[in-house]
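J.: missing the sequence, but the structure's below:
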């Protein structure tokens, strides 16, 4: 008796991930009348244009029109939902851009204030001999110079 034996339970020559299920679109001529009617109803409800086209002789005009309408409605819904996403993305990008602009202007305002405060403090100190009283805003523009090591 051989204890170490590898058994193969697949289909000889079949690749991984490849399924040998029914080919699509289905060929209605190979189906029973009950299966044909079931697949026809499914094709109409899902808007499966390829299946309806491949088996057009089993579809009446109303079935074909319903399949087309369903397909077009699905396509329109998909298009509209993508348009809403694009619009929302654009609104968010605009808000971020405006926020970044606000930050830049705020930093420029702080830089201008700090420069004015430094000049005013220097003038007051030179004239009165006392340290200037205008505070410098830390982390703002104009105060970002790297400090020299002593």
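T.: Received, thanks. Model, not experiment: these values are computed from the prediction.
J.: just so I have it, where are all the helices in the chain?
T.: With DSSP state H as the criterion, the chain has helices at 33-46, 49-54, 61-128.
J.: Below-threshold pLDDT in this protein: ranges please.
T.: By pLDDT under 70, the weakly predicted segments of the chain are 1-2, 7-22, 140-150.
J.: at 50 what do you get?
T.: 142-144, 150 (pLDDT under 50).
J.: State the distance from the most centrally placed residue in it to residue 98.
T.: By Cα atoms, centre = their mean, the mean C-alpha position of the chain lies nearest to residue 85, the distance being 7.9 Å. Look at residue 85 and residue 98: by Cβ to Cβ, to the nearest Å, they are 21 Å apart. Every residue, glycine included, has its C-beta placed from N, CA and C.
J.: follow-up on the earlier one: looking at the helices of the chain, which is buried most?
T.: Burial of the helices of the chain is given as mean neighbour count (mean count of other Cβ atoms under 10 Å); helix 49-54 ranks first at a mean of 17.
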